[in-house]
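[1] Kindly generate the corresponding structure for this input.
(one chain, ligands or ions: 2)
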Amino acid sequence: MQVKVINQSKHPLPAYQTELSAGLDLRANLETSVTLAPLERKLIGTGLYMELPAGFEAQIRPRSGLAYKHGLTVLNSPGTIDADYRGEIKVLLVNLSQESFEVKDGERIAQMVVARHEQIQWEEAVDLSSTERGAGGYGSTGKS
Ligand SMILES: O=c1ccn([C@H]2C[C@H](O)[C@@H](COP(=O)(O)OP(=O)(O)OP(=O)(O)O)O2)c(=O)[nH]1
Ligand SMILES: [Mg+2]
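    Ligands and ions are numbered 1, 2, ... in the order given. This is a model prediction of the structure:
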């Protein structure tokens, strides 16, 4: 599927790193490095603007390597990019480690997965069909 994009960053367009990757790695587009102190959050620009087709969204997700090695994650994970959004794609990073982390220009800080989604119409009702699960949740299964 082709997706219109404007690349105002200094970096190449995000790419799939392997043949069947689901996510495109997003690079920080910075004038100077940004430091995230422990528990600090910052919105990091990518310099990318895109036009997704109707019925698609993009999800901004953490990279597991950064999360594991440095406690760096996407605070609003998965971030949602709406198909009608025309602003810059940004990544809301948070540092959950006890050490400061320096985000450098061009660093791959998150990944973006494009996915189909539905928009629904509500059908208001007074009751719902009964199921074995019913209202059970939060660890309800497997108890005798
Ligand atoms: O990680 C993110 C999340 C969102 N956005 C952009 C695209 C999205 O379409 C828009 C709005 O996002 P969201 O709906 O999550 O934010 P909101 O707090 O509900 O703001 P709004 O009232 O503008 O919808 O912000 C990003 O660039 N990165
Ligand atoms: Mg919103």
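
[2] neighbours around residue 74, how many?
    A count of nearby residues for residue 74, using other Cβ atoms under 10 Å, gives 22. For every residue, glycine as well, the C-beta is placed using N, CA and C.

[3] what's the distance between it and residue 86?
    21 Å (Cβ to Cβ, to the nearest Å).

[4] count of neighbours near the closest residue to ligand 1 within the chain?
    Here the residue of the chain nearest ligand 1 is residue 79; by Cβ to the nearest ligand atom that distance is 2.3 Å. Residues contacting residue 79 under the criterion other Cβ under 10 Å number 18.

[5] now the strands for this structure?
    4-7, 24-27, 34-36, 41-45, 48-51, 56-61, 72-74, 79-81, 90-95, 101-103, 108-116 (DSSP state E).

[6] CSV for those, including mean pLDDT and distance to residue 14?
    What follows is those, written out as CSV (pLDDT from 0 to 100; distance: least, Cβ to Cβ, whole Å):
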stretch, mean pLDDT, distance to residue 14
strand 4-7, 98, 9
strand 24-27, 98, 4
strand 34-36, 98, 19
strand 41-45, 98, 13
strand 48-51, 98, 7
strand 56-61, 98, 10
strand 72-74, 98, 15
strand 79-81, 98, 12
strand 90-95, 98, 11
strand 101-103, 98, 16
strand 108-116, 98, 6
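
[7] Of those, which is nearest residue 138?
    strand 72-74 (23.3 Å; Cβ to Cβ).

[8] interface residues of this protein facing ligand 1?
    In this structure, the chain approaches ligand 1 at residues 60, 76, 79-82, 85, 89-90, 92, judged by Cβ under 6 Å from any ligand atom.
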